[in-house]
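1. this one's structure only:
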Ligand SMILES: Nc1nc2c(ncn2[C@@H]2O[C@H](COP(=O)(O)OP(=O)(O)OP(=O)(O)O)[C@@H](O)[C@H]2O)c(=O)[nH]1
């Protein structure tokens, strides 16, 4: 079968959807739009996009789900639901296996679902020459050659456009997400955190567990002005770049890392409890402390931590982490301080909301 066999109505509709997709200016909405474009074309109600890191573990998953709901007027309508999760811990082993196979083979893979008897179909998503994601959907029949060509074409347009949008969200020096990206996505991330109890389903209908407690940390380089003053800005930039690489090495692929300001970074991550979150950041602090920075030698960081309870305002939580950072600086630097413990011990006052430098 060739593209000529595609139903006549499908091509105008596809072009229209591609036009809509490329009018979007936000990567998260773009992903939703991709799944929204492909689902009706493939005749499926669910599809998922797994973003993977260099080691093929999924770092972020978007599930798109359509269901038929009969409304009060008696007419059945399609209702759309999108779920985004940042924790790969509970992805089904069957899906994990497929992600690995797609990554190794660099081409689409199909296997029979052990639970529903549907076919699980996975397509690689390329970012440059690397695979940066996998599209997965389940259906009762193989994709035809025409469908295969359409899916690959749509994924290519999507990937090229995603790269363009992604550049504008990145800090030029470190490649981490920039402050603008944090501010733009803060409310969306918060909504995801507040939904942790809701069931999330993978394309073959199985339940995917959501994440544990979330935390925000602000990481600030100590006496960084001295680095610039003594060694110059080029060396200072190299220090920032190396610290960002140490952060990437020490944190998990699913953690969100931002360069928030000059020598200030923000990390959004999940951890079991405060002890666990502190231990993760202590590991990072120690890695920076032990690292030999060219010319400069030793550099240290101070870290302020706060629990990111979705019932609190994101800006408020960030200001608490900032308050804890201030305390870490005040009490000697090269330390991790967490706001909730400082409050319990009466070592800090609650900052007056709205008075923070952040936002
Ligand atoms: N090289 C380089 N320096 C930067 C960049 N952005 C900000 N800075 C410098 O970072 C320094 C921050 O200095 P301060 O805010 O005084 O803080 P500090 O010297 O780190 O002191 P403490 O935070 O109190 O430990 C300033 O000298 C800025 O010029 C950057 O992109 N590259």
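-> Thanks, I have it. Worth saying up front: this structure is predicted, and the values here are computed from it rather than measured.
2. now do the contacts for the residue lying closest to residue 30 once chain neighbours are set aside.
-> Nearest residue to residue 30, sequence neighbours excluded (CB to CB, 6 or more residues apart in numbering): residue 24, at 4.8 Å. Quick note: C-beta positions are derived from backbone N, CA and C, even for glycine. Shown in contact with residue 24 (CB atoms under 8 Å, 6 or more residues apart in numbering): 30, 33, 165.
3. and of those residues, the nearest to the ligand?
-> Lowest distance from the ligand to the contacts of residue 24 (CB to the nearest ligand atom) belongs to residue 165, with 23.3 Å.
4. residue contacts, the closest one?
-> 24-27, 30.
5. can you say which helix or strand has it in it?
-> Residue 165 is part of helix 145-169 when elements are defined by DSSP states H and E.
6. roughly how far is that helix from the heart of the chain?
-> 18 Å (CA atoms, centre = their mean, to the nearest Å).
7. helices or strands up against the helix or strand just after it?
-> Once the chain leaves helix 145-169, the next helix or strand it forms, by DSSP H and E, is strand 177-178. Judged by 3 or more CB pairs under 8 Å, 6 or more residues apart in numbering; DSSP states H and E, the packing partners of strand 177-178 are strand 256-261.
8. may I have the strands that pair with the strand it packs on, each with its orientation?
-> Looking at strand 256-261 with DSSP bridges, its partner strands are strand 177-178 (parallel), strand 264-270 (antiparallel).
9. for that strand, buried residues please.
-> 256-260 (16 or more other CB atoms under 10 Å).
10. what sits up against it?
-> 86, 171, 173-174, 176-179, 181-182, 189, 218, 240, 244, 247-248, 251, 265-269, 358.
11. now those: which count as buried?
-> So, by 16+ other CB under 10 Å, the buried ones in these are 86, 171, 174, 176-179, 181-182, 189, 218, 240, 244, 247-248, 251, 265-269, 358.
12. check the residues you listed against the ligand, which are close?
-> residue 240 (CB under 6 Å from any ligand atom).
13. okay, buried residues for stretch 92-110 please.
-> 92, 94-95, 98-99, 101-103, 108-109.
14. now that stretch, how far from the centre of its chain.
-> Worked out by CA atoms, centre = their mean, stretch 92-110 lies 20 Å from the chain centre.
15. I'd like the average pLDDT over it.
-> Mean pLDDT, computed over stretch 92-110, is 89.
16. which bits of the protein sit near the ligand?
-> 220-225, 228, 233, 236-237, 240, 262-263, 329, 333.
17. give me the contacts around stretch 167-174.
-> Applying CB under 8 Å, 6+ apart, the contact partners of stretch 167-174 are 27, 176-178, 180-181, 184, 237, 240-241, 244, 258-259.
18. also stretch 121-130?
-> 49, 98-99, 101-103, 106-110, 131-139, 142-143, 151-152, 155-156, 158-159, 162-163.
19. what ranges does the protein have for its strands?
-> Taking DSSP state E to define them, one finds strands in the chain at 46-52, 58-70, 76-85, 109-112, 119-127, 130-139, 177-178, 200-201, 207-208, 214-221, 256-261, 264-270, 301-307, 336-338.
20. how about TSV for the contacts of residue 24, with pLDDT added?
-> Formatted as TSV, those follow (pLDDT from 0 to 100):
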residue	pLDDT
30	89
33	92
165	86
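21. by proximity to the ligand, which residue of the chain wins?
-> Nearest to the ligand, among the residues of the chain, is residue 262, at 2.3 Å (CB to the nearest ligand atom).
22. could you give the number of residues near the residue nearest to that residue when sequence neighbours are not counted?
-> In space, not counting the residues next to it along the chain, residue 262 is nearest to residue 224; the distance is 7.6 Å by CB to CB, 6+ apart. Residue neighbour count, defined by other CB atoms under 10 Å, stands at 18 for residue 224.
23. just residue 274 next, same as before
-> Residue 274: 17 neighbours (other CB under 10 Å).
24. you'd agree it is up against residue 342?
-> No - using CB atoms under 8 Å as the test, residue 274 is too far from residue 342 to be in contact (11.4 Å).
25. anything in contact with each of these two?
-> Residues touching both residue 274 and residue 342 by CB under 8 Å, 6+ apart: none at all.
26. now do the contacts for the residue most central in space within the chain.
-> The centre of the chain sits closest to residue 60, judged by CA atoms, centre = their mean, with a distance of 5.1 Å. Applying CB under 8 Å, 6+ apart to residue 60 gives the contacts 50-51, 84-86, 254.
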